[in-house]
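[1] Show me the folded form of this:
(2 chains)
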Number of protein chains: 2
Amino acid sequence: MPLGGEGAPRPATLRDVAELAQVHPSTVSRVLNSAARSRVTAATAVRIRAIASELGYQPNLMARGLRTRRTRSVGVIVTDISNPVIPPIVRGIERRLGDEGYTVLLANTDHSARRERRQLEAMRAKLVDGLIMATATREHDALLAELRAMAMPVVLVNRAAEDDGISAAVPDDGFCAELAVAHLAQLGHERIAHVAGSPSTTTGLRRRRGFEAALARRGLRVDPELVTTSERYTLEEGARCFGELLARRAGEFTAVFAANDLLALGCYEALERAGLDCPGSVSVVGCNDMPFADRFTPSLSTIHIPHLELGRSAAELLLERLEDPAQPARQVLVAPRLVARASSARPGSAAAACGRRPTSDARMGP
Amino acid sequence: MPLGGEGAPRPATLRDVAELAQVHPSTVSRVLNSAARSRVTAATAVRIRAIASELGYQPNLMARGLRTRRTRSVGVIVTDISNPVIPPIVRGIERRLGDEGYTVLLANTDHSARRERRQLEAMRAKLVDGLIMATATREHDALLAELRAMAMPVVLVNRAAEDDGISAAVPDDGFCAELAVAHLAQLGHERIAHVAGSPSTTTGLRRRRGFEAALARRGLRVDPELVTTSERYTLEEGARCFGELLARRAGEFTAVFAANDLLALGCYEALERAGLDCPGSVSVVGCNDMPFADRFTPSLSTIHIPHLELGRSAAELLLERLEDPAQPARQVLVAPRLVARASSARPGSAAAACGRRPTSDARMGP
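    Here you go, the predicted model:
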C-alpha cells in the first residue's frame, strides 16, 4: 500500500484518478467506497481501482471523517510519559483498541492544564471518536463536564473523578494501602509514616484514607504528624517531603508507606542524606511495582498494580461507550498484590548484606 | 475557553453563531479568522465574538486544515514508549515544538511494521504538518522514500537512515563506543566483549564499528568471537545474548560494553545466573544513562546521552524544514559523556561493598 506515487510531488487526488479514468469524480468515489459500490458496473470498478492503485491514491480519511463523524481513532491523554506506570497502561489500551482496528493518538500534558486544553482541542479538531484520560484531578471536574456536554465519549484510567457519571478503570487504591500496612504490621512495625500523594488525585486520596483505615483496623495509632503530603509523584518530591518528616520526627517511626514507587525512591534518597539506612533504620514500601523496582538498592518492596490490565480495562470501557453511548457509567477496580523485597524487614534489623534478595512474590489479591 | 456550551447536546457551529448574530456565516468566519478581520466593521466583530464565546463556538480546525493543509500538529512515531530513553526524547520535542504553538501527537508502533504503517496512515489522514520518527531501521528505506515522494516533511531522531537525504538528530554513536573502551582500557582491561545492538539500526551498527575501531586504535585484539549481536534493545535479549557468550567464552574476557543500558541490565542477569559477579568477574558498561541507572545493583557505569537535547534538536530540524522545505537535509550529532559508577573496576577487583558508589561524573565530551 504505497503512501504516495513514486516521485509524485503531492499525493494523488480523487480528481486525478477520475481524469485518467475519464469518469466523473463521484464515480471514483462510489467505486472506492464499498457501501455504494453496487451502483457502478464491475468493469468500470476494476478499471478505476487499477488506476487508483497505480497513482497510489489514498482516500482522504479526514474528509470522510467530516461526513461520518467517525475516524476510528482514539485520543489518550497522559500527564507524563516519563512516569514508568504510563507506558504499560498505554500499551494495554493500544492492544485492546488495536484489536478493534482503532489507532491510538497519544498526547502528553506534562502536568500543565494549559497544555492539556490545547491537546484536547487538537484531539477534538482531529475528530477522535473518544478519549481516555490518565490525567484526572479534582480540578478536572469542569473540563469533564464540558466533554460530557459535547457528548464526547470519555473514560478515565488510573485516576477516577468525583463525578461518578464517568467510567473509569482504576486500581483498588484502598486495598493497596491495606496490603502495605498488613505487611509492615506483620513484620512488627507499629509506628508507620505515610508519604501521601496529592489529595486532588483519587490515587492520593484513596490510598491515604486506606492507610488510615488499615492502621485503625489494627488498633495502631493514626498520627497525622507522621503523614506528609506530596504535590507530585516524583522522586524529588518524595525526597523533599520525607526529608522534612525525618528532620521533624526521625526515630518516632520505623517504617513508611509511600503512595507510589517514585516517592518511595525519594524516601531512599532522604534516608541516605540523613545517614540512615533502609531497611535497618526505616522500612520502605512503595506502590505500583514499576519496571526495575526489583533492581534498586535495596530492591523495593511494593504493591504490584497490573497496569497493562488497567489499560485494557479502560479500552474495554471506551469500546462499550462507543457502541452504546447511553450505557450507564461504571468503575472497574483492578486488584493489587504485595511484592515483598529487601526494603522492608523487622524493625531494627541490620541492613541486608547487599541490598537485594529474591522477590518473594506473595500473592494476596482480594 | 469552553469546549462546548454548557448543557448543549452538540458543539456550536458557525451557522449557530451566524443565526444568533443575524449575519451571513461568511461574516462570522471573517471575524474569527484574524487574517480577514479587517473587512468587517468593529462593532459587528465585537458582537459576533461575544456570541461565539457565549455559545462556546470553536472553529473546526480540521475543516480549516482541509483548506490550508496546515494543522499546526506534528506526528511523532516511536517504537516503544516503555524504552526509558523515549520519554525524554519526546519531552524535548514537545517543549521545542510547543514553543512554536504546535501540538504533538504520539504514536507507538510496538516494533510492528504493520502497526507503523497504520499509524502513519492515521497521521497522514489527520493532516499532520510533519513527522518525527524514532523508529528508523534499514528496512525503513522504502517507507522513507515514499514519505519523501509525497513531500511529507520528515526528521529522524535517535536513529538515522542510510538515505542521507533525510535530516536526523542522533547521538555520536561511534564516540559512545570510544568513551566506553577508553574507560575500560584505562582500568586495565585488555579483553573486552561487546553485546551489539541490531545492525539494522544505526545505533547498533555505528556503536559496533566504533567499538572495533576503539580497540584497534589501542592495539587491543578485535575478536569477533567476543561480539554477540542482539535483535532488540531489551533486558531479556541482553540476558539471552550475554548468557550464550558466557557459556562459550567465560574467562576469556574481563569486561563487556553493551550497546545500551537495557542490554547491560541483561548482562547483570546473565552474570547472576552464571554465579559470576559484577564488577569482580566482569565489568559492565552500558550506553544511554537511562533514568535510575545510578540506582541499580551495582550502579551502572554508562555513556550518558542527553536525550532531551536529542529531542530538541530533532524538533529544530523539523521546524527548519516546515519553514523552508527546500533546505538541504542535515544530521545533528549530539555529544555523549562517560559516567563511571560501580559496575566497572580494575580486572579481578573484589565486588564493591554494597554495589553503589557515588557517581564520578567524568566529563569527557568531544
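
[2] now the end-to-end length of stretch A:165-181.
    This stretch, stretch A:165-181, spans 32 Å end to end (C-alpha to C-alpha, to the nearest Å).

[3] Mean confidence (pLDDT) on that stretch, please.
    For stretch A:165-181, the mean per-residue pLDDT is 96.

[4] And that stretch, what's buried?
    A:166-181 (16 or more other C-beta atoms under 10 Å in any protein chain shown). Glycine gets a C-beta too; all of them are placed from N, C-alpha and C.

[5] Among these, which ones lie close to chain B?
    Checked against chain B using C-beta under 8 Å from any C-beta of the partner chain, the buried residues of stretch A:165-181 yield no neighbours at all.

[6] Restricting to C-alpha, output the helix or strand A:G98 falls within in CSV.
    According to DSSP states H and E, A:G98 maps onto helix A:86-99. Only the C-alpha atoms of helix A:86-99 are listed here, as CSV (Å, rounded to 0.1, in the frame of the first residue of the first chain):
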residue,chain,number,x,y,z
ILE,A,86,2.2,5.2,32.0
PRO,A,87,3.8,3.0,29.2
PRO,A,88,2.2,-0.3,30.3
ILE,A,89,-1.2,1.4,30.7
VAL,A,90,-0.9,2.9,27.2
ARG,A,91,0.3,-0.5,25.8
GLY,A,92,-2.8,-2.2,27.4
ILE,A,93,-5.0,0.4,25.8
GLU,A,94,-3.4,0.1,22.4
ARG,A,95,-3.5,-3.7,22.3
ARG,A,96,-7.2,-3.8,23.1
LEU,A,97,-8.2,-0.9,20.8
GLY,A,98,-5.8,-2.2,18.0
ASP,A,99,-7.7,-5.5,18.0
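
[7] Out of the buried residues of stretch A:165-181, list just those in helices.
    The helices, defined by DSSP state H, take in A:173-181 from the buried residues of stretch A:165-181.

[8] what residues does stretch A:312-324 touch?
    Stretch A:312-324 is contacted by residues A:74, A:89, A:92-93, A:95-97, A:100, A:129-130, A:132, A:153, A:155-157, A:167-169, A:327, A:330, A:332, A:334 when judged by C-beta atoms under 8 Å, 6 or more residues apart in numbering or on different chains.

[9] swap the cut-off to 7 Å and go again
    A:74, A:92-93, A:95-97, A:100, A:129-130, A:132, A:153, A:155, A:157, A:167, A:169, A:327, A:332, A:334 (C-beta atoms under 7 Å, 6 or more residues apart in numbering or on different chains).

[10] The helix or strand following the helix holding A:G98 and chain B, are they touching?
    Helices and strands here follow DSSP H and E; after helix A:86-99, the next one along the chain is strand A:103-108. Yes - looking at strand A:103-108 against chain B by C-beta under 7 Å from any C-beta of the partner chain, the contacts come from A:103, A:105-108.

[11] a markdown table for those, including neighbour count?
    Shown next, in a markdown table, are the residues of strand A:103-108 next to chain B (neighbours: other C-beta atoms under 10 Å in any protein chain shown):
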| residue | neighbour count |
| --- | --- |
| A:T103 | 22 |
| A:L105 | 29 |
| A:L106 | 25 |
| A:A107 | 25 |
| A:N108 | 28 |
